[in-house]
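Asks: Any chance you can model this:
(one chain, ligands or ions: 2)
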Amino acid sequence: MSGDAVVTLRDVARTRGTEPDSFTLEVPSLTVYQGECVALTGPSGCGKSTMLDLLGLVLEPDRAKVFSLRGHGDDAIDVAELWQDNRVDALAAVRAVGIGYVLQTGGLLPFLPTRDNILLSPTLLDMQENDLVDHLIDRLRIGHLLRKKPRALSIGERQRVAIARALAHQPALLLADEPTAALDPVHAIEVTELLLELVSDLDATAIIVSHDWDMIRSLGFREIRAVPMKRGAGSATRFEG
Ligand SMILES: Nc1ncnc2c1ncn2[C@@H]1O[C@H](COP(=O)(O)OP(=O)(O)OP(=O)(O)O)[C@@H](O)[C@H]1O
Ligand SMILES: [Mg+2]
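Replies: Ligands and ions are numbered 1, 2, ... in the order given. Here you go, the predicted structure:
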């Protein structure tokens, strides 16, 4: 295994629901390297959000031979072992420090104005004030929205705020679930390019879900496509890359 792998998965699987309505996701092998931008693609229901939830440590795998994440520090964290030992506090800490997650549904807290939504992770982590938040607000052009609550924002504005919130604590790994799905094609490309630029500025690694294969290819993502499989009576998908 190369020294600069940020995500390493070997023989990881998770089943949701029960047969015949079950869905199984299998990952025989996946390695994502420092600085890479990877896109998970595939049709609706193929397990892209399930895959991100596993990577975001919000969904427990049923099995995981190897599941390790490396943050900005040097040592890889053995996530498989943390799940096995039910170390939920340690998992929450890894998630809070190392991962930024733009949820498919936005995920902003409705009772907090935009500014507080963006500052949530740095505040919870007791981080020193720095220029990053101002930089994100400036680059994502959301400075005029800071006092507004999420319900008073357009969907596109919410998506830009959600990106700022996910990056504000300088995570090593950004996960984004269709972060530009609600935007027109021109703005979708603009925001995705900006997201890539910010990820590179922050020395981070990005795994995003997208339906827009043309955009993914034109922006140079490494594409990992869902492969349908047969497993018992339910449906199943494999991601490998
Ligand atoms: N809690 C659950 N219980 C049972 N099945 C579930 C559950 N959550 C999701 N599923 C099923 O898992 C499969 C994968 O869902 P997932 O949300 O990961 O798909 P997706 O690729 O993100 O789809 P979309 O592009 O529509 O967002 C679907 O068939 C879905 O019905
Ligand atoms: Mg989804």
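Asks: For Arg147, see how far away the closest residue to Glu36 other than its chain neighbours is.
Replies: Nearest residue to Glu36, sequence neighbours excluded (Cβ to Cβ, 6 or more residues apart in numbering): Thr205, at 5.6 Å. Just so you know, the C-beta spots here come from the backbone N, C-alpha and C atoms, and that holds for glycine as well. As for Thr205, its distance to Arg147 is 33 Å (criterion: Cβ to Cβ, to the nearest Å).
Asks: In terms of neighbours, single out the busier of the two.
Replies: Set Thr205 next to Arg147 and count neighbours by other Cβ atoms under 10 Å: Thr205 wins out with 23 against 10.
Asks: what residues are up against that one?
Replies: Val6, Val7, Val32, Tyr33, Gln34, Gly35, Glu36, Cys37, Ala172, Leu173, Leu174, Val199 (Cβ atoms under 8 Å, 6 or more residues apart in numbering).
Asks: gap between Pro55 and Arg16?
Replies: Just so we're on the same page, residue 55 is Leu rather than Pro. Leu55 is 15 Å from Arg16, by Cβ to Cβ.
Asks: the more surrounded of the two?
Replies: Remark: of Leu55 and Arg16, Leu55 carries more neighbours, 24 against 15, as counted by other Cβ under 10 Å.
Asks: Ignoring the adjacent residues along the chain, who's closest to that one?
Replies: In space, and not counting its chain neighbours, Leu55 is closest to Leu175: 5.8 Å by Cβ to Cβ, 6+ apart.
Asks: And Thr192, by the same measure?
Replies: Spatial nearest neighbour of Thr192, excluding adjacent residues (Cβ to Cβ, 6+ apart): Thr180 at 5.6 Å.
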